[in-house]
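[1] coords please:
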Amino acid sequence: MAAERNRRAMEQLAKQEGNDRCAECRRENPDWVAIVQNLNLGVFVCTDCCGSHRAPGRTYVRTKSIQLDKFDDDEVQLMMASGNRKSNAILEEHYHPCFKRPSSERCPRVLRDQWVTAKYQRHDLLKRE
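    Residues are numbered from 1 along each chain as shown. This is a model prediction of the structure:
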């Protein structure tokens with residue numbers, strides 16, 4: 001029961017404005033969740049960008065399919081509290097054009113990988129103290 005309730009909650013969250021596009025490339029209708037473990041943030045991403053999050057050695061982000069995986073109450077609460085707008089406001093606070101954002105499904109995988117590494121692993125776009 002709880003698993004089905006939480007899946008429906010994630011589906012509804014993914015349809016909200018701001019979450020209805022991939023947090024990375026802006027493609028419509030993202031179908032994955034990426035939870036940034038060291039920052040306690042979560043974003044909705046498309047299948048292609050999820051692949052960059054799941055690349056070998058990427059232990060800082062946990063990914064789950066909205067349709068195929070089960071979510072616990074804490075994960076739903078995290079996504080309700082963060083989501084794409086809040087997470088990107090933090091993670092991209094110091095965005096600079098030298099960091100090329102992936103822009104479509106035709107975007108090369110290497111560009112997606114570089115963006116995800118800069119944003120989530122190296123934190124190149126975060127405000128520095």
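[2] over to Gly42. Which of the three states is it?
    Reducing the assignment to helix, strand or coil with DSSP: H, G, I helix; E, B strand; the rest coil, the entry for Gly42 is strand.
[3] please enumerate the helices of the chain.
    For the chain, the helices defined by DSSP state H occupy 2-15, 47-53, 73-81, 83-91, 109-116.
[4] among these, which is the most enclosed?
    Across the helices of the chain, the average number of neighbours (mean count of other C-beta atoms under 10 Å) peaks for helix 47-53, which reaches a mean of 21. C-beta: built from backbone N, CA, C; applies to glycine.
[5] so, low pLDDT: which residues of the chain?
    Per-residue confidence for the chain (pLDDT under 70) gives these ranges: 56-58, 105, 127-129.
[6] any idea which residue sits dead centre in it?
    By C-alpha atoms, centre = their mean, the chain has its centre lying nearest to Val43, at 3.2 Å.
[7] now Arg62, nearest residue through space, not along the chain?
    Computed as C-beta to C-beta, 6 or more residues apart in numbering, the closest residue to Arg62 that is not its neighbour in sequence is Ile35, at 4.7 Å.
[8] ok, now Val33?
    If the residues on either side of it in the chain are set aside, Val33 comes closest to Lys64, at 4.9 Å by C-beta to C-beta, 6+ apart.
[9] need the contact list for that neighbour.
    With contacts defined as C-beta atoms under 8 Å, 6 or more residues apart in numbering, the neighbours of Lys64 are 32-33, 35, 71, 75.
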